[in-house]
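[1] everything below, folded, please.
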Amino acid sequence: MQAAVVDHTEVYRLPWSLTDNAISWLEPTALCNLYCDGCYRMNEKDSHKSLDVVKQELDTFQKLRNSDCISIAGGDPLLHPQILDIVADVKRRGLKPIVNTNGKALTMELLKDLKKAGVYGFTFHVDSKQGRDGKWAGKTEIELNALRQEYADMLAKVGGISCSFNSTVYEDTMQYMPDMLNWAHRNIDIVHTMVFIAYREVIPDMPFDWYAGGQKVDWDKIWYHTDRKRDINISALHMLQKARETHPEFMPCGYLNGTEIPDSFKWMLNVRVGTKEKIFGFMGPKFIELVMTGYHWFTGKYLSYASPKETRIGRTALMFLWMLDKGARKAAGRFFTNPLNWFKRLHFQTVMFIQPVDFTKHGGQSMCDSCPDITVWNGQLVWSCRLEELKKYNTFLKSVPKD
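    Reported below is the predicted structural model:
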C-alpha cells in the first residue's frame, strides 16, 4: 500500500494540549442502535447517565480542560431520553454542543428541537460496516452517499447547523475514498467536514502479550479484538495518498503527532477551498496558524467546528490572506484571474484523516498527542477510545513484546 510522503516540519503542529484543547468528548450513554465493525465501545443497555452525572462530567471538563466544543457521543446520544437537556446545558456553559450520531434516530422534529436547545453541529458516522438494516443494508460507501445526502439536506433545510461526516476506513473500503471526497465536494456548500478514521483492532498475530498491571490478559478477552487477520496499519499518509487520486495537490496544513512517534500524523487536517464545481486549492500551514492563534486571541479557546456562515467566507479570506499563506496565494490566483468567478460564493471544507493507536516494536503504544477526544472517567481525563480497558481492568492495558 503506497503512502504519501510529507515532512512534518513543514506542517503546522496544532497548538492543542491536554488542558487547552479545541474539543472534549462527553458520553452520556453507551447504548447504540447499530453495531459498527471495530467499534471500541461496548453496547450497553440501561447505560444512560443521569443528567446530574452528565453535569458533573461537564464540570470536570471546565475545571481541567479549556475547550471550544463538547462532542456529545456514546453509544448514540440521540437515544438518551434527556438529550435536549444535555445539549441545552452545554450551550448554557458557553460551549458548542456537537452531536456525534449514526443518524438512525434523527427525525426532522427532533432536529428542530435540538436546534432550539442550542445544538451547534452534527457529526454523522456513516459507513458500510455498521450493520444497517432496511434499504441501507449491504450498501457500499458510494451507495451510502445517498444516506449522507439525506442527513446533509435535513440540516441544510433547518439551517445554521454545522454538518460533518466520519467513516472508518478499512482495507477493502479505502478504494471508495475518492468517490466520497467527490460527493463532499459537490456538497461543499452544506457539508463542512469529512473525517476518515483508520481501522484498528487487536488481531491474532500481533507480537505482544497484554497486561493489566501485573495481570496477563488474553488478547481475545480485549473488547476490541478480531479473530481475523486484518490490516491494522492504515495510516493518515495512506489515506492522503488515496485522496490525491481525486486532487493531486491534496496537502495537510495542520496535524497532531503521536505520543511515541513524534513525526507521525495522528490527526491530519486538510482545508480545501472551492465552489460546487471546482476546488481552487488547499490552505497552507500559515492559514491554520492564523486561524488558531487569532481565534485563541479573541476567545481564549482553539477553534473546533466552524459555523456554516464562517465556512462560506472563502472569497473574503483569500482577499486578505493571499500574501501570508502559500496555499491561499495559489487558490486566490486561480480564483480571481477569471472575472466570471468574482461573484461566486467560495466555501471552505475541512478533510481530516485520523490514525488511531500505533505500536512500536518495543510495545510502545503511540496515541494521539493532545488528543481532542478525551473524556471523563472517575473524575479524570482519559482516552475515550480505550475506555473499555478502564471499565474492565481499572487501568490501561500494556503491550509487551513476546519472548
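
[2] which residues of the stretch 101-250 of the chain fall in helices?
    Taking DSSP state H, counting those that start in this stretch as the test, the helices found in the stretch 101-250 of the chain are 108-117, 145-158, 177-186, 236-243.

[3] other residues contacting the helix or strand following the shortest one?
    From helix 236-243 onward toward the C-terminus, using DSSP states H and E, the following helix or strand is strand 254-256. Surrounding strand 254-256, the residues in contact under the criterion C-beta atoms under 8 Å, 6 or more residues apart in numbering are 8, 11-14, 16, 236, 265-269, 285, 288-289, 292, 368-371. Backbone N, C-alpha and C define where each C-beta goes, glycine included.

[4] paired strands for strand 254-256, with orientation please.
    Partners of strand 254-256 in the sheet, by DSSP bridges, are strand 12-13 (parallel), strand 267-274 (antiparallel).

[5] make a markdown table from those strands and add mean neighbour count and mean pLDDT to it.
    Shown next, in a markdown table, are these (neighbours: other C-beta atoms under 10 Å; pLDDT from 0 to 100):
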| stretch | mean neighbour count | mean pLDDT |
| --- | --- | --- |
| strand 12-13 | 18 | 98 |
| strand 267-274 | 24 | 97 |
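
[6] mind checking those strands for the one nearest to residue 392?
    strand 267-274 (27.0 Å; C-beta to C-beta).

[7] how much space between residue 331 and residue 272?
    9 Å (C-beta to C-beta, to the nearest Å).

[8] wait, doesn't residue 307 sit right on residue 160?
    Yes - between residue 307 and residue 160 there is a contact at 7.2 Å, judged by C-beta atoms under 8 Å.

[9] who touches the nearest residue to residue 322 once chain neighbours are set aside in this structure?
    Among residues not flanking residue 322 along the chain, residue 332 sits closest, at 4.0 Å (C-beta to C-beta, 6 or more residues apart in numbering). By C-beta under 8 Å, 6+ apart, the contact set of residue 332 is 318-319, 322.

[10] check residue 276 too.
    Counting by C-beta under 8 Å, 6+ apart, the residues that residue 276 touches are 185-189.

[11] would you map the strands across the stretch 1-150 of the chain?
    12-13, 23-26, 69-72, 96-101, 121-125 (DSSP state E, counting those that start in this stretch).

[12] to residue 298, which of those strands lies closest?
    Nearest to residue 298 among the strands of the stretch 1-150 of the chain is strand 96-101 (15.3 Å), distances taken as C-beta to C-beta.

[13] can you give me the angle that closest one makes with helix 108-117?
    Strand 96-101 runs at 160 degrees relative to helix 108-117, counting by axes from the mean of the first three to the mean of the last three C-alpha atoms, to 10 degrees.

[14] please save the CA atoms from strand 96-101 in PDB.
    What follows is strand 96-101, C-alpha atoms only, in PDB (Å, rounded to 0.1, in the frame of the first residue of the first chain):
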ATOM      1  CA  LYS A  96     -20.600  24.400  21.300                       C
ATOM      2  CA  PRO A  97     -22.800  21.200  21.500                       C
ATOM      3  CA  ILE A  98     -21.800  18.800  18.700                       C
ATOM      4  CA  VAL A  99     -23.900  15.600  18.400                       C
ATOM      5  CA  ASN A 100     -22.000  12.600  17.200                       C
ATOM      6  CA  THR A 101     -24.500  10.100  15.900                       C
END
